[in-house]
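J.: have a look; sequence and predicted model below, questions after that.
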Amino acid sequence: GQQLNQSPQSMFIQEGEDVSMNCTSSSIFNTWLWYKQDPGEGPVLLIALYKAGELTSNGRLTAQFGITRKDSFLNISASIPSDVGIYFCAGPQDSGGSNYKLTFGKGTLLTVNP
Amino acid sequence: NAGVMQNPRHLVRRRGQEARLRCSPMKGHSHVYWYRQLPEEGLKFMVYLQKENIIDESGMPKERFSAEFPKEGPSILRIQQVVRGDSAAYFCASSPLAGLTEAFFGQGTRLTVV
């Protein structure tokens, strides 16, 4: 099956710093989704990307759908303590693009030091 | 409008017992999805249900696992004769239309098999 590789696995940053993480796949995706999961909670959708090259922002978050359709990037600017959590990328699991059966990456754990 | 409610939040079962996990979707949502998250892993698709129908159960183990979403009441994920490897966090999500881009996840049920 399709696999998504996220890097880095974890990050330790100071409050106020910018953060960048990425997600790569060996196969093409038609949709990229970025989620955040707080400890003990379910994932929350942050940004959805539907088109190669698309750049979308949600507050301090910006995500891009790679031109090759095999990667995506998430950037967080001016990090704050509540940005702590695990960030997952996800995409449709099969070539048919069903938007309910997603493959998730293993996540990037972000820690922000005040 | 309450969010997706899952209960129990934590469940401990001995090997061989049955586990029943409940998911009450958000009001007006008729699509329910179950995902499983192993420690330090991303979420993995299990099953997609609409009221009284299983739409896609391709992610469900062939034995011991079953899911339902009756006309009345919550969706139930049932695991018979649990084994240690079933220990995981089980998340459900619900949406008004098909697809996870419109869905909200619950807080999950953390199953521990001892």
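T.: It's in.
J.: quick one: residues contacting the residue nearest to the spatial centre of chain B.
T.: In chain B, the centroid-proximal residue (C-alpha atoms, centre = their mean) is B:Trp34; its distance is 3.8 Å. Contact analysis of B:Trp34 by C-beta atoms under 8 Å, 6 or more residues apart in numbering or on different chains lists B:23, B:46-47, B:49, B:67, B:75, B:77, B:90-92. For the C-beta atoms, the positions are set from N, CA and C on the backbone; glycine is no exception.
J.: could you dump those to a markdown table with pLDDT, distance to A:Val112 and neighbour count?
T.: A markdown table is the format used below for the contacts of B:Trp34 (pLDDT from 0 to 100; distance: C-beta to C-beta, whole Å; neighbours: other C-beta atoms under 10 Å in any protein chain shown):
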| residue | pLDDT | distance to A:Val112 | neighbour count |
| --- | --- | --- | --- |
| B:Cys23 | 98 | 32 | 26 |
| B:Met46 | 97 | 32 | 22 |
| B:Val47 | 97 | 36 | 26 |
| B:Leu49 | 96 | 38 | 26 |
| B:Ala67 | 98 | 38 | 21 |
| B:Ser75 | 97 | 36 | 23 |
| B:Leu77 | 98 | 34 | 27 |
| B:Tyr90 | 98 | 29 | 23 |
| B:Phe91 | 97 | 25 | 25 |
| B:Cys92 | 97 | 29 | 32 |
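J.: which bits of chain A sit near chain B?
T.: Chain A has residues A:4, A:31, A:33, A:40-45, A:48, A:88, A:90, A:93, A:98-107 near chain B, with proximity defined as C-beta under 8 Å from any C-beta of the partner chain.
J.: let's see it at 6 Å
T.: A:41-43, A:48, A:88, A:99-101, A:104-106 (C-beta under 6 Å from any C-beta of the partner chain).
J.: in stretch B:43-53, what counts as buried?
T.: Of all the residues in stretch B:43-53, those buried under the rule 16 or more other C-beta atoms under 10 Å in any protein chain shown are B:43-49.
J.: Throw those residues into JSON lines and include secondary structure and distance to B:Arg15, thanks.
T.: Below are those laid out as JSON lines (DSSP: H, G, I helix; E, B strand; the rest coil; distance: C-beta to C-beta, whole Å):
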{"residue": "B:Leu43", "secondary structure": "strand", "distance to B:Arg15": "24"}
{"residue": "B:Lys44", "secondary structure": "strand", "distance to B:Arg15": "22"}
{"residue": "B:Phe45", "secondary structure": "strand", "distance to B:Arg15": "26"}
{"residue": "B:Met46", "secondary structure": "strand", "distance to B:Arg15": "21"}
{"residue": "B:Val47", "secondary structure": "strand", "distance to B:Arg15": "23"}
{"residue": "B:Tyr48", "secondary structure": "strand", "distance to B:Arg15": "29"}
{"residue": "B:Leu49", "secondary structure": "strand", "distance to B:Arg15": "27"}
